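A.B. asks: Take this sequence and fold it.
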Amino acid sequence: MITYDPLWKTMKEKGVTQYALINKYHISPGQIHRLKANESVSIHTIGLFCKILDCSVSDIMVYNPDPDPEEEEKPNTCFSENDPI
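C.D. replies: So this is what the prediction gives:
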């Protein structure tokens, strides 16, 4: 899952507010909403943020692998598969 958590830290460090993104750089409020919700945005949008914030992609987004659903479904038991019952 891609998250945009680094974006908010980078914006704070660079002194760029959401107000400035909307009014100075003409980023739509919808784009900001999608970023806050960790929804997909275009590469073009990521590029705009890199240009505005003078930063790299890793300062805006990070990939966190989704948990393995098979690992979550395994029962937690004290017995191994080879133990006699």
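A.B. asks: Would you list the phi and psi of the residue nearest the centre of the chain?
C.D. replies: Geometric centre of the chain, nearest residue: Thr3, 0.8 Å, by Cα atoms, centre = their mean. For Thr3, the backbone dihedrals (degrees, to the nearest 10) come out as phi -120, psi 150.
A.B. asks: swap in the one 4 residues further on?
C.D. replies: Main-chain dihedrals, Leu7, degrees, to the nearest 10: phi -60, psi -50.
A.B. asks: From the structure, what's the count of residues near it?
C.D. replies: When neighbours are defined as other Cβ atoms under 10 Å, Leu7 has 21 of them. Where C-beta positions appear, they are placed from N, C-alpha and C, glycine not excepted.
A.B. asks: Likewise for the one 4 residues further on?
C.D. replies: Using other Cβ under 10 Å, Met11 has 20 other residues around it.
A.B. asks: wait, what's in contact with it?
C.D. replies: Contact analysis of Met11 by Cβ atoms under 8 Å, 6 or more residues apart in numbering lists Thr17, Gln18, Leu21, Leu53.
A.B. asks: go with 7 Å
C.D. replies: Contacts for Met11 (Cβ atoms under 7 Å, 6 or more residues apart in numbering) come out as Leu53.
A.B. asks: From Cys55, how far off is it?
C.D. replies: Taking Cβ to Cβ, to the nearest Å as the criterion, Met11 is separated from Cys55 by 10 Å.
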